[in-house]
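*Asks:* The following comprises the amino acid sequence and a computationally predicted model.
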Amino acid sequence: MLAALAAGMASPPAHATCEDFMPPAAGADGKRDITTQDLARLRDIGYPEVMGGTASPFALSPDGKTIAFVITRGDPKTNSICSALVTVATDGRSSPRVLDRGGALPKLAGVFRGVFISTGLPELITPAWSPDGRSLAYRKLVDGVVQIFRVGADGSGARVVTQSPVNIEDFSWSPDGSHITYLARPGELESKRKAVADGLSGWRYDSSILPQQSWEPQPWASDIPQQALTVDLETGVVRAATEDERTRSWPPPVPGTHGGAAVKASNGAIAWTAGTTDHPEAPLRVWSQMPGGKELPCGLEQCAGRISRIFWEQGGPSVLFLRREGWNGEDWALYRWKPSSGRISLVMRTRDALTGCLQASSELICGRENATTPRRIAALDLKSGRFRPIFDPNPEFAGLRLGMVRRLRWVNDRGLPAWGDLVLPPGYDGHAKLPMVIVQYHSAGFLRGGIGDDYPIYPMAAKGMAVLSFERPPSSSSIIPGLKTWEETLAADHKDWNERRSLLSSLDRGIDAAIATGFIDPGRIGITGLSDGASSVQFALVNSRRFSAAAMSSCCDDLLSSLALGGFAWADENRKTGLPSFVDDDREFWKPLSLTVNARAIDTPILMQLADRETLLALPAFTALRETGKPVELFVYPDEFHDKWQPAHRLATYDRSIDWFAFWLAGREDADPSKREQYSRWEAMRVAAKRTQTP
């Protein structure tokens, strides 16, 4: 059945009161089972998912005593988002101070295949302290446009300092604090006007049109270059930035660092990371260079691998770096390397995920989380390797029952390591066999809802189902030598569906490991996925009979979706990586993957909950399944992107996913009277499916 969730289109959303936006002084008394509401209203600092890279949500004051950050929280009831600029003392001894409040964060936009488009993902908003530490500036969405706000560090108020007609993408203070230089794309206005004017005589279909999103051409990045502008904070006058201002604000890569992550010490020494080979997925190695000296690689085993952050230790001659290590990178380790002596020492190793770390004198300040604990801010002592707490944005979670988590490890048929977190229902006694739902495809940090946050792990477990949170293995192309470009790695992954076979093997081994615990019913396994995870769902349903129910948040890799419905640029890129031309109509090539080609043989009930901007890509598969009488249901969420951003949509996806798997895997229905029509549809599907089931 095709249904439209149009409530968000009928009227503008209500505004959240944000009254309980900031956490209480203490968590709730007693324990209760977690609900989807608890998860949907989680407070976030930085990207919700554990991300690598050098970006941080934290800003350290010039005196090193205070950190500033933006905190957000969704409100499903009003379908709105609360946000606030917050400061907290680095010693963790005082309550956080809210300096300014706002709504939803700006959406990340960027250049993809030559056009400038919005991804729908929330931007990482990092505030910046003025040089004197008396105020902060940060980017804030106001009336649909991202502006710069200046906020008093003492709580004396906030004021907008720009009136830009287009979004401001980045900014930097002048050394004396009197000006701010920022980046924007003024050409967007003319590009929009041109698109409207061209529409009067018809838009010529080319690579700037993404049919699944809109038939209106997207702006070519070359037509709307970034421009640097400077605003005088006293007068508000805006002028073009000087070359010196632009270079100071966004310095070019440090010479000799080969474009890798680089840091510079106060004495001019530099340290950086670079690939150990030309392979795009090669491990990174740490290098250094003293002023006037030669480039020096660290040849020790610990100095190569999945290195995410690198620092010069303040006041010392050592390089500090964070490295993912252990079984498929399940651990975070901090090392200290002294280039002058070649000595290396381990400062700390933890299974907790560390994000956004920045250096504060003799400590690192990081986001810290684990499978059962949402992200909080902590300080890591660089001498002892011990953590101390600074701020917990979600103290209420201490009062929630989450169930038991067991880490499982395995290798697939290619010898690639993977792991998963098996989550069992709260109070489970180990006797009855449980249905199990697989959530893909990363499991580092707090177990929330998988990639895209659509499948609520702990609330699902609280409804009596086991959940296997799956951490995918390294890609199959990572062990193929001689590859030098990302295009070559994708072609290697596509060849004979190499990557899809590797992932299905890993999923199979993970299911076997879960069944071996004695807790899981092998006849009641469900699978979920978004993006690459959805591709894994497709391949699994075509090539395996293990799955009794499935849910997808995007769909589907197919002849039409990959080579026609996604537009010129997407099709051209796919052909370069080994997909056959659309004109060949090569159904045999697509047979190992395509739900369209295999619709008559697919018996697994499939729930699709998709963004309106991506639903077009799912229609070939949905239509084929519907024509053959298979149990499939599709919901379309308005004004959504690849990752859903609206709190009401997230909660609806959470709840329907639980209902779907409880119905098909456990035969259970929610007693809520408003869901009777839903269960009537699903029961009719069950009856019809028995007539069309493949022997």
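*Replies:* Thanks, I have the structure now. Numbers count the residues shown, from 1 in each chain.
*Asks:* ranges for the strands of the stretch 251-400 of the chain?
*Replies:* For the stretch 251-400 of the chain, the strands identified by DSSP state E, counting those that start in this stretch occupy 262-264, 270-275, 284-289, 296-297, 304-312, 319-325, 331-338, 343-350, 353-360, 363-370, 373-381, 387-391, 400-401, in order along the chain.
*Asks:* Residue 42: what's it in contact with?
*Replies:* Contact partners of residue 42, counting by CB atoms under 8 Å, 6 or more residues apart in numbering, are 73, 74, 374, 394, 448. Heads up, the C-betas are built off the backbone N, CA and C, glycines and all.
*Asks:* contacting residues for the last one?
*Replies:* Contact analysis of residue 448 by CB under 8 Å, 6+ apart lists 39, 42, 48, 49, 456, 457.
*Asks:* mind checking the SS state of it?
*Replies:* When classified by DSSP: H, G, I helix; E, B strand; the rest coil, residue 448 comes out as coil.
*Asks:* Following element in sequence after the longest helix seen in the chain, please.
*Replies:* The helix that spans the most residues within the chain, counting by DSSP state H, is helix 647-666. The helix or strand immediately downstream of helix 647-666 is helix 676-692, counting by DSSP states H and E.
*Asks:* how far out from the middle of the chain is that next one?
*Replies:* With CA atoms, centre = their mean, to the nearest Å as the basis, the distance from the averaged C-alpha position of helix 676-692 to the chain average is 35 Å.
*Asks:* State the distance from the residue lying closest to residue 117 once chain neighbours are set aside to residue 123.
*Replies:* When the adjacent residues along the chain are set aside, residue 117 lies closest to residue 218, with 5.2 Å between them (CB to CB, 6 or more residues apart in numbering). Relative to residue 123, residue 218 is positioned 18 Å away (criterion: CB to CB, to the nearest Å).
*Asks:* So if I had to pick from those two, which one is more boxed in?
*Replies:* Counting neighbours by other CB atoms under 10 Å for residue 218 and for residue 123 shows that residue 218 has the greater number, 22 against 18.
*Asks:* Mind checking what secondary structure the more buried one has?
*Replies:* Three-state secondary structure (criterion: three-state DSSP) places residue 218 in coil.
*Asks:* Spit out the contact partners of it.
*Replies:* By CB under 8 Å, 6+ apart, residue 218 lies in contact with 115, 116, 117, 208, 209, 210.
*Asks:* Can I get these in CSV including pLDDT and distance to residue 565?
*Replies:* Formatted as CSV, the entries for the contacts of residue 218 read as follows, by pLDDT from 0 to 100; distance: CB to CB, whole Å:
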residue, pLDDT, distance to residue 565
115, 92, 17
116, 93, 21
117, 91, 16
208, 93, 16
209, 93, 12
210, 92, 10
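*Asks:* Of those, which belong to strands?
*Replies:* Using DSSP state E to define strands, the subset of these located there is 115, 116, 117.
*Asks:* Bridged to the second one, which residues?
*Replies:* For residue 116, the residues forming beta bridges with it (DSSP bridges) are residue 111.
*Asks:* give me the beta-bridge partners of residue 323?
*Replies:* With DSSP bridges as the criterion, the beta-bridge partners of residue 323 are residue 307, residue 333.
*Asks:* does it really touch residue 335, like I thought?
*Replies:* Yes. The pair residue 323 and residue 335 passes the contact test of CB atoms under 8 Å, sitting 6.3 Å apart.
*Asks:* Quickly list what's touching both of the two.
*Replies:* Overlap between the neighbourhoods of residue 323 and residue 335 consists of residue 302, taking contacts as CB under 8 Å, 6+ apart.
*Asks:* Spit out the contact partners of residue 296.
*Replies:* Taking CB under 8 Å, 6+ apart, we find residue 296 in contact with 287, 288, 289, 290, 339.
*Asks:* Just give the nearest non-adjacent residue to the fourth one, would you?
*Replies:* Translated: residue 290. Closest residue in space to residue 290, ignoring its immediate chain neighbours: residue 269 at 5.0 Å, by CB to CB, 6+ apart.
*Asks:* what about the one you found, neighbour count?
*Replies:* As a burial measure, the neighbour count of residue 269 was computed by other CB under 10 Å and equals 18.
*Asks:* Touching, it and residue 295? I think so.
*Replies:* No. The pair residue 269 / residue 295 is not scored as a contact, 11.6 Å apart, by CB under 8 Å.
*Asks:* what do these two both touch?
*Replies:* When contacts are counted by CB under 8 Å, 6+ apart, residue 269 and residue 295 are jointly contacted by 288, 289.
*Asks:* Mean pLDDT per helix and strand in the chain: which one sits at the bottom?
*Replies:* Comparing helices and strands within the chain by mean pLDDT, DSSP states H and E singles out helix 7-10 as the least confident, with a mean of 32.
*Asks:* so how far is the helix or strand just after that helix off the chain centroid?
*Replies:* Scanning the chain past helix 7-10 towards its C-terminal end, the next helix or strand to appear is strand 32-33 (assignment: DSSP H and E). Taking CA atoms, centre = their mean, the mean C-alpha location of strand 32-33 is offset from the chain mean by 27 Å.
*Asks:* List the pairing partners of strand 32-33 within its sheet, with orientation.
*Replies:* Its sheet considered, strand 32-33 pairs with strand 400-401 (parallel) by DSSP bridges.
*Asks:* any weak-confidence spans in the protein?
*Replies:* Counting by pLDDT under 70, the chain contains low-confidence residues at 1-18, 25-30, 254-260, 694-695.
*Asks:* what residues are up against the residue positioned nearest the centre of it?
*Replies:* Note on the chain: the residue nearest the mean C-alpha position is residue 49, at 4.6 Å, using CA atoms, centre = their mean. Contacts here follow CB under 8 Å, 6+ apart; on that basis residue 49 touches 442, 445, 448, 451, 453.
*Asks:* what's the burial count for the second one?
*Replies:* Burial of residue 445, expressed as a neighbour count using other CB under 10 Å, amounts to 22.
*Asks:* so it sits in a strand?
*Replies:* No. Residue assignment for residue 445, taken from three-state DSSP, gives coil, which places it outside any strand.
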